[in-house]
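Asker: Sequence and predicted structure below; questions after.
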Protein chains: 2
Amino acid sequence: MSTSRRQLRLGAFLMATGHHVAAWRHPGSVPDAGINIDHYVALARTAERGLFDQVFVADSPGVWHKGDEESFRRQGRVSHFEPVTLWAALSQVTKHIGFVATASTTYEDPYLLARKFASLDHLSQGRAAWNVVTTSADNVHGNFGLAAHPDPSTRYQRAHEFVDVVKGLWDSWDDDAFLRDPASGVYFDPAKVHALNHVGRFFQVKGPLNIERPPQGHPVIVQAGSSEDGKELAAASAEAIFTAWTSLAEAQAFYADVKGRLPKHGRRPEQLLVLPGIFPVIGATQAEAERKWQALQDLIHPSVGLNTLAPFWPLEDLRKFDLDARPPYYPELTPGVNSRAHVVIQLARREGYTVRQLYQYLAGARGHWVVRGTPQTIADRMQEWFENGAADGFNVMPPVLPLGLDEFVDQVVPELQRRGLFRTAYEGRTLRENLGLARPESRYVTTSPTAAHAA
Amino acid sequence: MSTSRRQLRLGAFLMATGHHVAAWRHPGSVPDAGINIDHYVALARTAERGLFDQVFVADSPGVWHKGDEESFRRQGRVSHFEPVTLWAALSQVTKHIGFVATASTTYEDPYLLARKFASLDHLSQGRAAWNVVTTSADNVHGNFGLAAHPDPSTRYQRAHEFVDVVKGLWDSWDDDAFLRDPASGVYFDPAKVHALNHVGRFFQVKGPLNIERPPQGHPVIVQAGSSEDGKELAAASAEAIFTAWTSLAEAQAFYADVKGRLPKHGRRPEQLLVLPGIFPVIGATQAEAERKWQALQDLIHPSVGLNTLAPFWPLEDLRKFDLDARPPYYPELTPGVNSRAHVVIQLARREGYTVRQLYQYLAGARGHWVVRGTPQTIADRMQEWFENGAADGFNVMPPVLPLGLDEFVDQVVPELQRRGLFRTAYEGRTLRENLGLARPESRYVTTSPTAAHAA
């Protein structure tokens, strides 16, 4: 194995009981995962044993749900830890793994957010990352006194300003501001403290932050939106992007698109890592993987499944359908409107899916890239994407947790290592160092001739 | 020792390098304490070894400082962890100690705050407490786009509503809402989830919270203001109150005052613990304690000391004074205005203090109750306050950390135990259980005849 070979990056997307919609009913899951700290301790340690770069949780400041009460009460994702507190807790029982916490630029405050992520970076000695989201989930705006989310364009304008303010606050104290010299009694150099004095459209923030510069300079900035606005935010400020594609061609197009946006922001392609999600179903044989997948699919309760079909048929009709027959009718769709609905209905007709087969298809992995097979075939697919301009690494989304992460670490990681695609030891101390991302200089650093020479 | 004897409560107030204003210059301190997680791990473990009920940090979302730049750069409290993230980290390396985090009702949001404290309570399995503050420190309002703090009355009105909203959100899910039954596929009972639908003067909050009811029902509510508004907020909603008095008589008056306010809120005296601060300077002999105290006082840099006299003399005059002579003049004070200034100047005249003696008197312990002596004499004073209607326990403020906490745990705690005043093992699993505070019922519990009978 050549040490100079390009290495793929791995993140573990820790969705409480697992990514399959019915994961919490599976015997390999922990049903109260969302508030079970022992579960997360075990997951973080497994990810670290597998030399993953980072663990990640999605988030929204409201109860996750869309649909009727029958499916609501079967929803296993309604009660869960707040991400930054969760990762702070895990910082003390791990040494290497990075922590990606999702937090909203629409519903949080930049001073408080800058502070808590700086605190997490110090607590973890340089392993914090912020997944910047503008929040479009249901059941959120009412928790903050709003009648609706701000429109997407306003949310993204606010996000740009928010990220800029947060980065500025992280730079409040120069890296060498603190002398802490007991003899002279001088604790820091006031010339190396900077008030931000930001006055913008959305925020006025004086600063300085009441915590010194994070060990990483800035926690790593992650972005996960794939809209036009999301891609622009990523190109302007993100260092990793989580994305969801189910075909190589789509993933390649996205990869080329976002990497191509970097130069106009004065950035190089390697400064933004593209990490598609992969939902691996691992078996000793292909047949075993298929059986495991079908067993999971069969755990989807019909009321949860039918809820995923509610955009296409009225729920009162769906409840009368024979689950194991084809739908008695297909909806008339207005051409050009709701392209996803057209795709789904075409598929249902073409494949002759029963109602159950159709909702299993839609609900199970919630649209993510499902790869079923042996460790070797899964590694094949990852290698294909990695070596063909579709990915710099992957956000691994185990169907069931902890089971699926154990399987991936024990079976797929060694296969990737044998191929020379993945590390056999952590390279650095911080998340940035492991991801191969440079430590950002402070915005207040003036590159003097001497400094430039030294660099 | 009778097991039924009233036991005193102990909290450790962990002010980074210690409570003495010059603590960070002392060889027994850790100068970078504010961002040194190993330091806090050691402190929390020491407090737990000493069977303390809780650890506590003060907080303000801005840089702590008042005064000129000469004293600013000697200030050791400008860079520190955010409290909730700090306690979340420590939750995984301790088993019994409770965690009191300060957070502001003026500058935080109730949904986000309710969520992070609920998360901390789950992470620590029932050891979280919230010190409710309205924030009056300098260097804060500008971080949140305000020209000044809201006035105290508005801040306290907001605080009452804020606490009510937070408690309501903690009750979003009944204690028995979650079935998590894989066989039936039912995760929870929707009849046991409650949207708050709060509409008030300051907040509109729909709910429900996206995390289930905390293990303690509600994290313990703490309050620390001693103004009229502060005492009313404590009487209405707090379960412990931190306070600062330097004489038994003042402490007794305060104790009687706040306990006397409880009945009109339908509460009993034992539902609010009064915990004065104590700043112990421990020696093997009284003379050794006095020497240790003077050594600390001598670490106060003149520019820091003179800054504490700036309310009384102009700084440009102070800088010309001979530190080891009496002030060359005393300010003329307008009768009836600034009573603290009158007390200070009277004291300076009466005692014939030199400039240095006067600023050491004012600056060292920042107005807190300094008790210098042997472990026995310190225990005597604590027992006197505890048994004479002045305290239910104490918030211990070691002058230097970690040194002062080690000394207290190794020397004063055993003395309190010998006297039967303090536990020799933790009584409960949660902070509430150790403090002897009942777990609050949900606001949505309707006491049916059966339930009343069962209770």
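Answerer: On my side now, so go ahead. It should be emphasised that the depicted structure is a prediction, and the values quoted were computed from it without experimental measurement.
Asker: In the stretch 201-350 of chain A, what residue lies closest to chain B?
Answerer: residue A:206 (3.2 Å; CB to the nearest CB). Placement of C-beta: from N, CA and C, glycine included.
Asker: does the longest helix anywhere in chain A come close to chain B?
Answerer: Looking only at chain A and at elements set by DSSP state H, the helix with the highest residue count is helix A:152-170. No - using CB under 8 Å from any CB of the partner chain, helix A:152-170 stays clear of chain B, coming no nearer than 8.6 Å.
Asker: Just checking: what are the partner strands of the longest strand seen in chain A?
Answerer: Criterion DSSP state E: the longest strand present in chain A is strand A:273-282. With DSSP bridges as the test, strand A:273-282 is paired with strand A:240-243 (parallel), strand A:370-373 (parallel), strand A:393-396 (parallel).
Asker: Report how many residues lie close to residue A:227.
Answerer: Residue A:227: 12 surrounding residues under other CB atoms under 10 Å in any protein chain shown.
Asker: That one contacts residue A:152, doesn't it?
Answerer: Yes - if you go by CB atoms under 8 Å, residue A:227 and residue A:152 touch, sitting 7.1 Å apart.
Asker: what about dumping the CA coordinates of the host helix or strand of residue A:383 to CSV?
Answerer: Using DSSP states H and E, residue A:383 sits in helix A:375-387. What follows is helix A:375-387, C-alpha atoms only, in CSV (Å, rounded to 0.1, in the frame of the first residue of the first chain):
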residue,chain,number,x,y,z
PRO,A,375,-18.3,-6.7,2.1
GLN,A,376,-16.4,-7.1,-1.2
THR,A,377,-19.2,-6.0,-3.5
ILE,A,378,-20.0,-3.1,-1.1
ALA,A,379,-16.3,-2.1,-1.2
ASP,A,380,-16.5,-2.4,-5.0
ARG,A,381,-19.2,0.1,-5.3
MET,A,382,-17.5,2.5,-2.9
GLN,A,383,-14.3,2.3,-4.8
GLU,A,384,-16.2,2.8,-8.1
TRP,A,385,-17.7,6.1,-6.8
PHE,A,386,-14.4,7.2,-5.1
GLU,A,387,-12.3,6.6,-8.2
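Asker: what's the distance between residue A:420 and residue A:379?
Answerer: Plainly put, residue A:420 is 12 Å away from residue A:379 if you go by CB to CB, to the nearest Å.
Asker: cool, and residue A:354?
Answerer: When distance is defined by CB to CB, residue A:354 is 33 Å away from residue A:379.
Asker: Looking at these two, which is more packed in?
Answerer: residue A:379 (25 against 17).
Asker: isn't the more buried one right next to residue A:412, touching?
Answerer: Yes - between residue A:379 and residue A:412 there is a contact under CB under 8 Å: 6.0 Å.
Asker: burial measure for residue A:201, as a count.
Answerer: Neighbour number of residue A:201 under other CB under 10 Å is 9.
Asker: Which residue comes closest to it once chain neighbours are left out?
Answerer: In this structure, residue A:201 finds its nearest non-sequential neighbour in residue A:161, 6.4 Å apart by CB to CB, 6 or more residues apart in numbering or on different chains.
Asker: wait, what's in contact with the one you found?
Answerer: A:200-203 (CB atoms under 8 Å, 6 or more residues apart in numbering or on different chains).
Asker: Same question for residue A:126.
Answerer: Applying CB under 8 Å, 6+ apart, the residues contacting residue A:126 are A:214-216, A:429-433.
Asker: can you pull the pLDDT of it?
Answerer: We have a pLDDT of 98 for residue A:126.
Asker: what about it, distance to residue A:431?
Answerer: Going from residue A:126 to residue A:431 by CB to CB gives 7 Å.
Asker: Overlap of the contact sets of the two?
Answerer: Common neighbours of residue A:126 and residue A:431, counting by CB under 8 Å, 6+ apart, are residue A:216.
Asker: Which stretches in the stretch 151-300 of chain A count as strands?
Answerer: A:178-181, A:186-188, A:198-199, A:204-205, A:220-223, A:240-243, A:273-282 (DSSP state E, counting those that start in this stretch).
Asker: Of all the residues in the longest one, which ones are buried?
Answerer: So that's strand A:273-282. Under the neighbour-count criterion of 16 or more other CB atoms under 10 Å in any protein chain shown, strand A:273-282 has A:273-282 buried.
Asker: What of stretch A:340-359?
Answerer: For stretch A:340-359, burial by neighbour count (16+ other CB under 10 Å) applies to A:344-345, A:348, A:353-359.
Asker: Could I get those in JSON lines, plus columns for secondary structure and pLDDT?
Answerer: Putting the buried residues of stretch A:340-359 into JSON lines (DSSP: H, G, I helix; E, B strand; the rest coil; pLDDT from 0 to 100) gives the following:
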{"residue": "A:344", "secondary structure": "helix", "pLDDT": "84"}
{"residue": "A:345", "secondary structure": "helix", "pLDDT": "89"}
{"residue": "A:348", "secondary structure": "helix", "pLDDT": "90"}
{"residue": "A:353", "secondary structure": "coil", "pLDDT": "94"}
{"residue": "A:354", "secondary structure": "coil", "pLDDT": "96"}
{"residue": "A:355", "secondary structure": "helix", "pLDDT": "95"}
{"residue": "A:356", "secondary structure": "helix", "pLDDT": "95"}
{"residue": "A:357", "secondary structure": "helix", "pLDDT": "93"}
{"residue": "A:358", "secondary structure": "helix", "pLDDT": "93"}
{"residue": "A:359", "secondary structure": "helix", "pLDDT": "93"}
